[in-house]
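**Q** what's the 3D shape of this:
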Amino acid sequence: MSIINEWRESELINEISGRLLSGMDDACQFAVQQARERAPIGATGNVRRLIDYEVKGVGNDVVGYLGVNKGKHGGARSNQGEAFYWYFHEVGTSKLPARPFLRPAVFENAAEILRRLTGG
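**A** So this is what the prediction gives:
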């Protein structure tokens, strides 16, 4: 057993932050793959390539965002309307039943996502 005789707070915080970011990145990549497999093809078939993620450090937190990216792959103008349209597939409308693909990608894989977050 080793004894800690010097506290290096900044090194510890950097190590933990790096592991959290890495774990969140791995978990988000997995969630994107799951969402792409579940996404409806649609008229253009573009939604699968528009599903993306972003990992950010927000204060003391590490946050992963998963969604349909409106500003990538072929220009923001062409994808903005398409991203808006896919929101209604996810949540439904009075005339369109919900066909979620983002939420199930996360919630149905919670155990695997947690495993990836913790590096287990």
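**Q** so L114 is in which element?
**A** helix 110-118 (DSSP states H and E).
**Q** Pull out the buried positions in that helix.
**A** Residues of helix 110-118 classed as buried by neighbour count (16 or more other C-beta atoms under 10 Å): 113, 116-117. Backbone N, C-alpha and C define where each C-beta goes, glycine included.
**Q** from what I can see L102 touches L66, true?
**A** Yes: if you go by C-beta atoms under 8 Å, L102 and L66 touch, sitting 6.0 Å apart.
**Q** average pLDDT across the longest helix along the chain?
**A** For the chain, the longest helix by residue count, based on DSSP state H, is helix 9-38. Average pLDDT, helix 9-38: 87.
**Q** tilt between the helix holding L114 and helix 9-38?
**A** With axes from the mean of the first three to the mean of the last three C-alpha atoms, to 10 degrees applied, the angle from helix 110-118 to helix 9-38 works out at 150 degrees.
**Q** Can you tell me what sits against helix 110-118?
**A** With contact meaning C-beta atoms under 8 Å, 6 or more residues apart in numbering, helix 110-118 is reached by 20, 23-24, 26-27, 30-31, 106.
**Q** and that helix, how far out from the chain's middle?
**A** Distance of helix 110-118 from the chain centroid (C-alpha atoms, centre = their mean, to the nearest Å) equals 13 Å.
**Q** Enumerate every residue touching the residue most central in space within the chain.
**A** The residue lying closest to the centre of the chain (C-alpha atoms, centre = their mean) is L66, at 3.1 Å. Counting by C-beta under 8 Å, 6+ apart, L66 touches 28, 31-32, 35, 51-53, 102, 105-106.
**Q** That one: what secondary structure?
**A** strand (DSSP: H, G, I helix; E, B strand; the rest coil).
**Q** okay, it: pLDDT?
**A** According to the prediction, L66 has pLDDT 93.
**Q** and it, how far is that from I13?
**A** 26 Å (C-beta to C-beta, to the nearest Å).
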